[in-house]
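Novice: Here is my input; please provide its structure:
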Amino acid sequence: MTNPAAAPRNGPALIEVDALTTFTSALLQAAGMEAEKADIVAEVIVEGDLIGHHTHGVSMVPTYLSDLRDGRMTGRGDIEIIHRHGACATWDGKRLPGHWLIRRALEEACAFVAEHGVATVAIFNSQHTGALAAYLRRVTEHGLVGIVQSSNPAGSRMAPFGGTVPLFTPNPLAAGFPTHGDPVIIDISASITTTTMTQTLARRGERFPEAWALTADGHPTDDPQEVVHRGGSLLPLGGNLKGHKGYGLAIIVEMLTQGLSGFGRADRPTGTAQSIFVQVIDPEAFGGRDNFLRQSTFMAEACRATPPGPGVTQVRVPGDSAAGHRRAALSKGVPVSAEVLAGLVTWAEELGVQSIDEPNRRPPA
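Specialist: Below is the predicted model:
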C-alpha cells in the first residue's frame, strides 16, 4: 500500500487496491452490513474508482455508512423473489445495497444463459447502485454481453423535454461487449450529467462547463445550485435543442426498470428505492461467440483507426479511458483525494476501524 500520509499535500493519495477494498469492507461491516455483502459492495465501489468514476467510488462510502446507521439501507437479509418464469425473474430488493443486488443478479443471469441464451432480472426497492460500468467487465470476461439500467422512482432531477418540473432521475444505462482486447463498455445517463456530480459541484461552489441545467422557470443555466437548491432541473442528453433524445432514453429506462419490475413512480415511493434492469446475452445462442468477437473487435479497431479531428489525439472507443485508468490504478494504486480520505478516516475513528494509513504512517516531511 502506498502511504497516504506521504502523498503530496494537495494531491490524491495512491492506495493499493486490496488495502482500499479491505478497509471499505471493514467500515461497512462495522456499520452493520453482513460480511459477504460488505465484501461485494467494497469490490464494486473500488472498481468504480479503478475505472475513473470517482463520484461513485469510495467518495460514496460516508453516505452509505450514514444510510446504514439511520436505517435507510438494509445491511442484512435477503431478497424476495416475486416472480420467476424461465430465465426471467423479478425481485424485491428490500433496500439492500444495489451493488450486491446487481452482482448477484448478473451471476444468476450468467448461469442461466448457457441454457436459455438470454437471462433477465428486474429488481425494485434497491438501495444505491454506484457506477453501472463497474459491473460489466466480469461479464465480458466470460464472452457475454451485459446490460444494466437503473432509475429511482422516488427521485426527480430532470424534467421531460419541453417542461420545467423535474420528473426523472438521470436514469443511467450501461452495456458491456467483449472483444479480443479491452471490452467496449458504454455507461451513459439520460441527463447531461449525474445527480452526484451536480451535488459535488454545488457543494464546492463550482459551475457546470456549459448550460447543463434549467432554472425553475425554464431558462438554461450553468449553475448547479439552481438544481440542488432552487427547484431547477438537469437538461436531458442533447441539451436545450436536442433534449428529446435524452428524454426518450429516460422513458426507455423507466419502462424497463420500473415497468418490468412492476413498481415505480405510480406507487410514490420515498427515499432511495431504485428500480433495476439486468440482462445477460450469450452470443453463442445467436451467430456464435467467435463471430461476435470477430465483429466487435473489427468495429472497435475501425473506430480507433479513424483519423482524429482537430484537437483530438486519437479516436477512442467507450471503455478505453476506463481500461487505461484501471491498469494504472492496479499498478500504482487507486487515487483517493485528501478530502475523501479524511472523511473515511473520520468514520473509521467513529466506528473503531483501524485507519488505512495507520500501519505505515510517517510524519509529514
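Novice: contact partners of the strand or helix carrying G48?
Specialist: Using DSSP states H and E, the secondary-structure element containing G48 is helix 35-50. Residues outside helix 35-50 that contact it (C-beta atoms under 8 Å, 6 or more residues apart in numbering) are 17, 20-22, 24-26, 28-29, 33, 54, 56-58, 60-61, 64, 75-76, 96-97, 99-100, 102-103, 130-131, 133-135, 137, 325-326, 329-330, 334-336. All C-beta spots, glycine's among them, are computed from the backbone N, C-alpha and C.
Novice: same thing but 7 Å
Specialist: Defining contact as C-beta atoms under 7 Å, 6 or more residues apart in numbering, one finds that helix 35-50 is touched by 17, 20-21, 24-25, 28-29, 56-58, 60-61, 75, 97, 99-100, 103, 130-131, 134-135, 325-326, 329, 334.
Novice: swap in stretch 210-228?
Specialist: Residues external to stretch 210-228 that are found in contact with it (C-beta under 7 Å, 6+ apart): 157, 159, 164, 192-193, 198-199, 201-202, 207-208, 230-235, 240.
Novice: Apply 10 Å and report the result again.
Specialist: Outside of stretch 210-228, the residues within contact range by C-beta atoms under 10 Å, 6 or more residues apart in numbering are 157-159, 162-166, 191-193, 195, 197-209, 229-235, 239-240, 243.
Novice: Mind giving me the packing neighbours of whatever helix or strand comes next after the helix holding G48?
Specialist: Read in the C-terminal direction, the helix or strand following helix 35-50 is helix 61-70, with elements assigned using DSSP H and E. Other helices and strands packing on helix 61-70, by 3 or more C-beta pairs under 10 Å, 6 or more residues apart in numbering; DSSP states H and E, are helix 17-30, helix 35-50, helix 338-351.
Novice: ok, back up a step: mind listing what's buried in the helix holding G48?
Specialist: When neighbours are counted by 16 or more other C-beta atoms under 10 Å, the buried residues of helix 35-50 are found to be 37-50.
Novice: export it as CSV, just CAs?
Specialist: Listed next in CSV are the C-alpha coordinates belonging to helix 35-50 (Å, rounded to 0.1, in the frame of the first residue of the first chain):
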residue,chain,number,x,y,z
ALA,A,35,-19.5,-9.5,5.7
GLU,A,36,-20.4,-11.2,2.4
LYS,A,37,-22.4,-8.2,1.3
ALA,A,38,-19.8,-5.7,2.5
ASP,A,39,-17.0,-7.5,0.6
ILE,A,40,-19.0,-7.3,-2.7
VAL,A,41,-20.1,-3.7,-2.2
ALA,A,42,-16.5,-2.8,-1.4
GLU,A,43,-15.2,-4.5,-4.6
VAL,A,44,-17.8,-2.7,-6.8
ILE,A,45,-17.1,0.7,-5.1
VAL,A,46,-13.4,0.4,-5.6
GLU,A,47,-13.9,-0.8,-9.1
GLY,A,48,-15.7,2.5,-9.7
ASP,A,49,-12.6,4.3,-8.7
LEU,A,50,-10.4,2.0,-10.7
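Novice: average model confidence for that helix?
Specialist: Model confidence over helix 35-50, given as mean pLDDT, is 98.
Novice: Likewise for stretch 110-121?
Specialist: The predicted model assigns stretch 110-121 a mean pLDDT of 96.
Novice: Helix or strand next in line after the helix or strand of the chain with the lowest mean pLDDT, which one?
Specialist: Sorted by mean pLDDT, DSSP states H and E, the helices and strands of the chain end with helix 195-204, the least confident at a mean of 91. Elements were assigned by DSSP H and E; along the chain past helix 195-204, the next helix or strand is strand 213-214.
Novice: next helix or strand past that following strand?
Specialist: From strand 213-214 onward toward the C-terminus, using DSSP H and E, the following helix or strand is strand 220-221.
Novice: Can you tell me the strand partners of that next one and which way each runs?
Specialist: Under the criterion DSSP bridges, strand 220-221 sits next to strand 213-214 (antiparallel) in its sheet.
Novice: So what's the gap between the strand it pairs with and the chain middle?
Specialist: Taking the mean C-alpha point of strand 213-214 and that of its whole chain, the gap between them comes to 23 Å (C-alpha atoms, centre = their mean, to the nearest Å).
Novice: Same check on stretch 173-184?
Specialist: Chain-centre distance of stretch 173-184: 16 Å, with C-alpha atoms, centre = their mean.
Novice: Could you pull up the mean pLDDT of that stretch?
Specialist: Mean per-residue pLDDT for stretch 173-184: 98.
Novice: Distance across that stretch, terminal residue to terminal residue?
Specialist: Counting by C-alpha to C-alpha, to the nearest Å, you get 14 Å between the two ends of stretch 173-184.
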